[in-house]
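Undergrad: Sequence and predicted structure, then a few things I'm wondering about:
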Amino acid sequence: MPASVGSGNPRSRRTREVRRHLLVYSGLIPFLVIAVFPIFWMAITALKQEPDLYRMDVVPFWFHLPPTWKNFDFLFHRTFYVDWIVNTMSISFWVSAITLLTAVPAGYALARLRLPFAENLGIGIFMTYLVPAIILFIPLARVVSTLGLQDMWWALVAVYPTFTIPFCTWLLMGFFKTVPFEIEEAAMIDGCGQLGALLRVVLPVSWPGLITSVIFSFTLSMQDFLYSLAFVSISEQKPVPLGVATELIRGDVYFWGSLMAGALLVGVPVAIVYNLFLDKFISGITGAAVK
Amino acid sequence: MTDPRPVPSAVTVDRRDFIRVTGAGVAGATLLTMLEARQAPAQLRGTGLRMLKWSHFVPAYDAWFDDFAKKWGDANGVKVRVDHIPHLELPARYAAEFAAGAGHDLIYFVGQILTGQYYRNLVDLSDVAEGLGKKYGAWMENAKSAGQVGGRWYGVPDFYIAIPVLWRKDLFDSVGLGAPTTWEDLRKAARLLKPKGHPTGMQFSHCNDANHNWRALMYCFGVKETDPSGQNILIDSKEMREALRFAKAIYDEGMTPEVFSWDDASDNRFLASGVGSWIHDAISAFRTTQDTNPKVFEHTYCLPEAAGPAGLRWNVGEPNVWAIWKFSKNVPAAKEFIQHIANNQKEAMEASRGYNMPFLREQYKKPMPGLGNDSKLGVLQEQDKITAFFGHPGPMTPPAQEVLTTFIVPDMFTRVARGANIEETMKWGVGEIRRIYTKHKAS
C-alpha cells in the first residue's frame, strides 16, 4: 500500500484539520453565546443612559444615546457598594477558612480511618446540605441572636458554614479516597504519625480538592440572599448580593444601570479567578467523582 | 384740684416671690416651646430607636424620611437608625426577628399586612391610634382592618398607595375615543390600539400589581371576597365568573403574551417606553415616565378607577402600617415617632410627590400636598371614597392575607387567560381559598 494512502497529502490533511476545527468551534459557538450574553448585556446596560433603557422601538443590543458612567458613579457615591464588596470578601474568606479547617479533618476521617458506618455518616452529613435555607433561617435566627451577631456580617460567617461544611466534607471525602493508601503508609514507615502523613503527604497531593473546596465555599457564600436578608439589615453591613438587590430595587422602580454595574464588577473578577484555577477545579471535581 | 387716683407706692418683691414668679414663667415658657416643637418626653433622651421600613418607590421620599427621623432624634436626644429593604422581603425579615425575639424597635407592614398574624407579639397601640383618629377627624373605615385585631389597634396605618389607571390621551384620540371612565372603555381602547402597536397590559403573574389589579377589576364587577365579617367566602359568584370572562376577552383583544412574565416594574417600562396605551398601576409609573420620557408623559393622564358594568368603582390600595414588637427596647420612643410622622403628614406627602395617600379623614382637605396643584393627578384627591383593600368587603384577616400572598386570585385569571375553562378554574381557586380559611379556623 503506498504511504500516501494512509496519511494523505499535507494539503488535504490541513483541509481536514481546518474542517474539523470549524465543526468543533461552530458547535461551541451557541454555548459561548449563551455564556457570554449575560455579561455583554450587563455591560451595555451598565453604560446606558436611563432613557435609552426604556426605548422599545429600537434594537436593544446597542447604544442609541451616548454611553455614560453615571450608573457607576451612582453605585460608588450614592450607595455603600465598596463596603458591600469588602464585606462579601471578608465573609467569603472566613467561611472558606472555617470550612477548610472543619471539612478537611472530617473528610479525611470518613475516607481513611475505616470508621464504622463512615459511608452512611458521610451520606448523613451531605443530606444536611439538602435542607433548604427557607426552613433553616428561622431557627438560625435564634442562634444568631444568642451569639449577639444580629445585623453584623459576622452573623453570616457563623451561618454559612452550615451549608459549606457538609458539601465540602462530601467533596473532600471522595477526593481523599482517590489518594493511594501506599503513599500514606510509606510516610508512616518514614516516621510520620497519622497527622504528619495527612499534612505532609495527603494534603499536598490533594491540592486540586482543596482548591475546589475553597472555590465552592467562596461562591456559595457570595451567592446567598436569604440568610443575609434575614440577619443583616444595616446598609453598610450588607454583602453585595443583598446590597444591590435591596438598595437598587425600590418596589416597581429598578435602578437597572447601577444594578448591572454592581453585578458586572463582582461577576467578572470572579469569572477570571475561576478560569485561573479551572484545571485544578476540574481535576478536583472529577477526582472526587472517581470513587 | 388734687388727683383722686391712688399714688403708686414703691413695689417690693421678696426673694421667694421672685423665685416663684420667674420659676413659673420659665416652666411655662419651656412647656410652650416643647409643645411648639412637639418634643418628646425627657425620658427618651439618651435612648436609641431602630426602625425597619421598605425602600419607598419614590427614592426622594426615603432621603426625606431618613433626614426627618434623624432631626427628630437629634431634637429629642434619641439615636435613630432607619434600615430599608424591599417590601417583598419584609415578611422573611420579620419571621427571623420574631424567631430571635430581637430586632427593630419600630417595624412596618406594606402590602402584606401582618398585624393579624403577629398581634400577640405586638404592642397595643390603641392610645396612639385613637388619639390620632380624634385629632384628624377619624380614620377611614377600612383603615381599621389594617391596624385592628379584636377591636384593639396593634398597628397604626401610615398611608396607602393608590393604583389608578394611567392612559395615553394622544393614542385614545387617534382612534376617536374620549377619556375612559369604564372597564368597557378600556377594553375597547385596547382592542383598537393593539393592532396599531399600542397594546395594554396587566400582570398575569406572581407580583403585587397582579394582586391589586385583578382585585380592582373583580370589585368593580361586584365580586365580594368575603362577607363583612371576613369569615365567610363569597368569591364563588356569577360576578367572579363575569370578571374572569372579561379578563380573558381583554387579554385576547388587547394584550400580548409578555404579560405572563411581567413583574411589578414591567408596566412602568411599558408605559415609559411609549408602547403601552394604558396600564393600571401606582403613580410611580407616572413619575418614571415623567423622568425618562417627557414626550410620552405629556400625553399621559390618570383615571382614579374605571367603573364596572353596574357602575361600581373600587380601587385596591396598598396599605402601609406601623407596628412595635413587644420585645422592642424603646416602646415610648417608637410610639412618639409614630405620632410625630402622623403630625407631619403634609410634609411627608409632599416629599413622596403625592404618593402617600392618608388614612385620616381630615388629611383629605384640598388641595392635598403633591396632588392638589397637579393638573393630572389632582383627580386622586377623593381616592378615599373608592379605596378598598384585599378581602373586600371583609377585613384584612390572616386567611385573606394568605390568599393574597399565595397569588390564588392572579392564578385564576392567568388560567382563564391561557384558555382554561372558567368553571374548572373556579373549582380550583375556590377550593384553594376554602382550604386556607379552614386551616386558619382550625388553628
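TA: Happy to help now that I have it.
Undergrad: Next, count neighbours for residue 161.
TA: All of this is about chain A. Neighbour count for A:Pro161, taken as other Cβ atoms under 10 Å in any protein chain shown: 22. C-beta: built from backbone N, CA, C; applies to glycine.
Undergrad: To clarify, I was referring to chain B.
TA: Here the count is done by other Cβ under 10 Å, and B:Ile161 has 25 residues near it.
Undergrad: Next: B:Val416.
TA: B:Val416 has 24 nearby residues by other Cβ under 10 Å.
Undergrad: mind checking the backbone torsions on it?
TA: Main-chain torsions, B:Val416, degrees, to the nearest 10: phi -70, psi -40.
Undergrad: thought it was touching B:Met426?
TA: No. Taking contacts as Cβ atoms under 8 Å, B:Val416 lies outside contact range of B:Met426: 9.3 Å.
Undergrad: can you give me the strands in the stretch 51-200 of chain B?
TA: B:78-85, B:106-110, B:148-149, B:152-153, B:156-161, B:165-168 (DSSP state E, counting those that start in this stretch).
Undergrad: Would you mind putting these into a markdown table with mean pLDDT and distance to B:Thr406 alongside?
TA: Shown next, in a markdown table, are those (pLDDT from 0 to 100; distance: least, Cβ to Cβ, whole Å):
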| stretch | mean pLDDT | distance to B:Thr406 |
| --- | --- | --- |
| strand B:78-85 | 93 | 22 |
| strand B:106-110 | 94 | 17 |
| strand B:148-149 | 88 | 21 |
| strand B:152-153 | 95 | 27 |
| strand B:156-161 | 96 | 21 |
| strand B:165-168 | 98 | 27 |
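Undergrad: hang on, isn't A:Met188 packed against A:Ala197?
TA: Yes. Between A:Met188 and A:Ala197 there is a contact under Cβ under 8 Å: 5.6 Å.
Undergrad: Export the strands of the stretch 51-200 of chain B as CSV, with columns for distance to B:Lys326.
TA: Shown next, in CSV, are the strands of the stretch 51-200 of chain B (distance: least, Cβ to Cβ, whole Å):
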stretch, distance to B:Lys326
strand B:78-85, 20
strand B:106-110, 12
strand B:148-149, 14
strand B:152-153, 13
strand B:156-161, 15
strand B:165-168, 42
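Undergrad: and B:Pro199, which of those is closest to it?
TA: strand B:165-168 (11.7 Å; Cβ to Cβ).
Undergrad: Just give the strands next to the closest one in its sheet, each with its orientation.
TA: The pairing partners recorded for strand B:165-168 under DSSP bridges are strand B:278-280 (antiparallel), strand B:300-303 (antiparallel).
Undergrad: could those go into TSV alongside distance to A:Leu264?
TA: Shown next, in TSV, are the strands paired with strand B:165-168 (distance: least, Cβ to Cβ, whole Å):
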stretch	distance to A:Leu264
strand B:278-280	30
strand B:300-303	33
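Undergrad: just those strands: most buried one?
TA: strand B:278-280 (a mean of 28; mean count of other Cβ atoms under 10 Å in any protein chain shown).
Undergrad: Outside of it itself, list whatever touches it.
TA: Contacts with strand B:278-280, where a contact means Cβ atoms under 8 Å, 6 or more residues apart in numbering or on different chains, come from B:163-168, B:180, B:186, B:189-190, B:200-202, B:209, B:212-213, B:216, B:267, B:270-271, B:285.
Undergrad: Mind checking which of those are buried?
TA: Among the contacts of strand B:278-280, those buried by neighbour count (16 or more other Cβ atoms under 10 Å in any protein chain shown) are B:163-168, B:180, B:186, B:189-190, B:200-202, B:209, B:212-213, B:216, B:267, B:270-271, B:285.
Undergrad: What residues does chain A have near chain B?
TA: Counting by Cβ under 8 Å from any Cβ of the partner chain, the positions of chain A adjacent to chain B are A:50-51, A:53-57, A:137-139, A:141-142, A:144-145, A:150, A:226, A:229-231, A:233-235, A:245-247, A:249-254.
Undergrad: filter those to the buried ones?
TA: For those, a neighbour count by 16+ other Cβ under 10 Å gives the buried set as A:50, A:53-55, A:137, A:141, A:144-145, A:150, A:226, A:229-231, A:233, A:235, A:245-247, A:249-254.
Undergrad: so of those, which ones are in helices?
TA: A:50, A:53, A:137, A:141, A:144-145, A:226, A:229-231, A:245-247 (DSSP state H).
Undergrad: how about the residues you listed in JSON lines, adding pLDDT?
TA: Output for these, formatted as JSON lines (pLDDT from 0 to 100):
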{"residue": "A:Glu50", "pLDDT": "86"}
{"residue": "A:Leu53", "pLDDT": "87"}
{"residue": "A:Phe137", "pLDDT": "90"}
{"residue": "A:Ala141", "pLDDT": "92"}
{"residue": "A:Val144", "pLDDT": "93"}
{"residue": "A:Ser145", "pLDDT": "91"}
{"residue": "A:Leu226", "pLDDT": "92"}
{"residue": "A:Leu229", "pLDDT": "92"}
{"residue": "A:Ala230", "pLDDT": "91"}
{"residue": "A:Phe231", "pLDDT": "93"}
{"residue": "A:Ala245", "pLDDT": "89"}
{"residue": "A:Thr246", "pLDDT": "87"}
{"residue": "A:Glu247", "pLDDT": "88"}
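Undergrad: what about the helix or strand that B:Trp322 is a member of, distance to the chain center?
TA: Using DSSP states H and E, B:Trp322 falls within strand B:318-324. Centre-to-centre, strand B:318-324 and its host chain are 8 Å apart (Cα atoms, centre = their mean, to the nearest Å).
Undergrad: okay, the angle between it and strand B:106-110?
TA: Strand B:318-324 and strand B:106-110 are oriented at 160 degrees to each other (axes from the mean of the first three to the mean of the last three Cα atoms, to 10 degrees).
Undergrad: Check which element follows strand B:318-324 along the chain.
TA: Remark: after strand B:318-324, the chain's next helix or strand is helix B:331-343, criterion DSSP H and E.
Undergrad: Now tell me what touches that next one from outside.
TA: For helix B:331-343, the surrounding residues in contact (Cβ under 8 Å, 6+ apart) are B:38, B:40-41, B:43-44, B:47, B:49, B:51, B:68-69, B:72, B:76, B:78, B:80, B:105-106, B:123, B:125, B:127-128, B:131-132, B:136, B:156, B:158, B:322, B:324, B:328, B:348, B:360.
Undergrad: Now restrict these to buried residues only.
TA: Buried subset of those (neighbour count, 16+ other Cβ under 10 Å): B:40, B:44, B:47, B:49, B:51, B:68-69, B:72, B:76, B:78, B:80, B:105-106, B:123, B:125, B:128, B:132, B:136, B:156, B:158, B:322, B:324, B:328, B:348, B:360.
Undergrad: Would you state the strands of chain A in chain order?
TA: Ranges of strands in chain A, per DSSP state E, are A:249-250, A:253-254.
Undergrad: any chance of the ones you listed in JSON lines, with distance to A:Val82 too?
TA: Shown next, in JSON lines, are the strands of chain A (distance: least, Cβ to Cβ, whole Å):
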{"stretch": "strand A:249-250", "distance to A:Val82": "20"}
{"stretch": "strand A:253-254", "distance to A:Val82": "22"}
